[in-house]
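Engineer: Structure, please.
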Amino acid sequence: MRRKKHKHTRRAVAFYKLSYGFHEPYKVLLDGNFIHATITSNLANLGDHIPRLIGGRCKLYVTRCVTHELQELGADFRPALTAARGYELHKCGHTPGECAASDCIKQAIGASNPDHWWVASQDKGLRADLAKVPGCPCVFATVNGIHLESPPEMAKAAAREAEEKAAAVPRHERRSGALAGVDLGALDPARVKTSVAFRRNKAKGPNPLAMRKKATKKAGEPGGGAGGKAARRGSEAQAERAVAVAGDGGQAEAGGKKRK
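Structural biologist: Numbering: from 1, shown residues only. Presented below is the predicted three-dimensional model:
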């Protein structure tokens with residue numbers, strides 16, 4: 001089923017930027033199976049697809065463990081190996097074949113992802129393990145394109161906890177004499193009660209002036225009904241006849257004077 005990803009992606013990226021300090025250029029660590037999946041789905045140009053998904057400049061990285069794993073998989077993964085060698089190399093510190101690519105990526109992320117990595121992988125087990133790390137966004141590919149996973153509940157809970165700690169009264173202020181005898185628990189925004197009643201905007205009815213019926217004029221009044229129009233036309237015709245008669249009379253009188 002096609003995912004509705006645009007609004008979801010914008011919200012997820014905004015969450016990681018505000019809560020965990022992600023910033024451009026974003027660093028994306030690519031797994032070998034992700035590179036292979038995008039090539040087979042005609043999404044090989046990751047330098048365009050991933051920045052368009054995240055909404056900013058990106059740098060794509062692979063590790064030696066990833067390229068070694070692609071090399072060991074044989075000829076079917078040769079295009080993915082060629083593409084992987086075109087990305088920037090992240091020095092993981094392992095010798096080729098020392099550990100699996102998934103373990104290499106998990107060690108690069110660590111316990112808290114201090115380097116703000118984005119991980120692109122098709123390995124569901126790897127993504128499930130990284131979901132336990134606060135602030136580690138994961139990208140995966142389907143036949144419909146490239147997608148960003150929703151932030152896990154653990155990441156949201158960690159962000160809320162950090163926000164509450166930042167808003168709390170510092171320890172050195174608690175020990176000061178100015179706050180002696182003050183119930184600091186009462187300063188918790190969740191426990192503060194207010195008597196302010198917020199009025200919700202209700203749906204308004206139609207304008208009463210717009211609902212009034214248009215007043216109709218009677219036939220005898222000026223401009224009122226078909227009778228008024230006929231009366232106007234009759235008066236205009238009478239005025240035109242009067243002007244014509246007056247003109248004919250003037251011409252006849254002038255002719256009589258000339259004959260005299």
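Engineer: residue boundaries of the strands in the chain?
Structural biologist: For the chain, the strands defined by DSSP state E cover 26-30, 58-63, 88-90, 117-120, 138-142, 145-148.
Engineer: Sheet partners, orientation included, of the third one?
Structural biologist: Strands that pair with strand 88-90, judged by DSSP bridges, come out as strand 58-63 (parallel).
Engineer: Residues contacting the partner strand, please?
Structural biologist: Identification of contacts with strand 58-63 by Cβ atoms under 8 Å, 6 or more residues apart in numbering yields 25-30, 32, 35, 46-47, 50-51, 84, 87-92, 94, 101, 104-105, 108, 118. Where you see a C-beta, it was placed from the backbone N, CA and C, and this is true even at glycine.
Engineer: Mind giving me the ChimeraX select for these, buried ones only?
Structural biologist: Per 16 or more other Cβ atoms under 10 Å, the buried members of the contacts of strand 58-63 correspond to this ChimeraX selection:
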select :26,27,28,29,30,32,35,46,50,51,84,87,90,92,94,101,104,105,108,118
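Engineer: For the residue lying closest to residue 51 once chain neighbours are set aside, name its beta-bridge partners.
Structural biologist: Once flanking residues are discounted, residue 51 sits nearest to residue 58: 4.6 Å by Cβ to Cβ, 6 or more residues apart in numbering. Beta-bridge partners for residue 58, by DSSP bridges, are residue 26.
Engineer: Look up how far residue 21 lies from residue 58.
Structural biologist: Separation of residue 58 from residue 21 (Cβ to Cβ, to the nearest Å) stands at 16 Å.
Engineer: who has more neighbours, the two?
Structural biologist: Neighbour totals were compared for residue 58 and residue 21, and residue 58 leads with 21 against 9 (other Cβ atoms under 10 Å).
Engineer: Sketch out the low-pLDDT regions of this protein for me.
Structural biologist: In the predicted model of the chain, residues 1-5, 164-198, 217-235, 243, 245-260 satisfy pLDDT under 70.
Engineer: try 50
Structural biologist: Within the chain, the segments meeting pLDDT under 50 span 1-3, 260.
Engineer: Would you state the helices of it in chain order?
Structural biologist: 6-20, 32-40, 46-54, 64-72, 78-84, 101-109, 124-130, 153-167, 171-174, 208-211, 225-259 (DSSP state H).
Engineer: Turn those into JSON lines, including distance to residue 137.
Structural biologist: Listed next are the helices of the chain as JSON lines, based on distance: least, Cβ to Cβ, whole Å:
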{"stretch": "helix 6-20", "distance to residue 137": "5"}
{"stretch": "helix 32-40", "distance to residue 137": "14"}
{"stretch": "helix 46-54", "distance to residue 137": "9"}
{"stretch": "helix 64-72", "distance to residue 137": "18"}
{"stretch": "helix 78-84", "distance to residue 137": "21"}
{"stretch": "helix 101-109", "distance to residue 137": "11"}
{"stretch": "helix 124-130", "distance to residue 137": "9"}
{"stretch": "helix 153-167", "distance to residue 137": "9"}
{"stretch": "helix 171-174", "distance to residue 137": "33"}
{"stretch": "helix 208-211", "distance to residue 137": "52"}
{"stretch": "helix 225-259", "distance to residue 137": "74"}
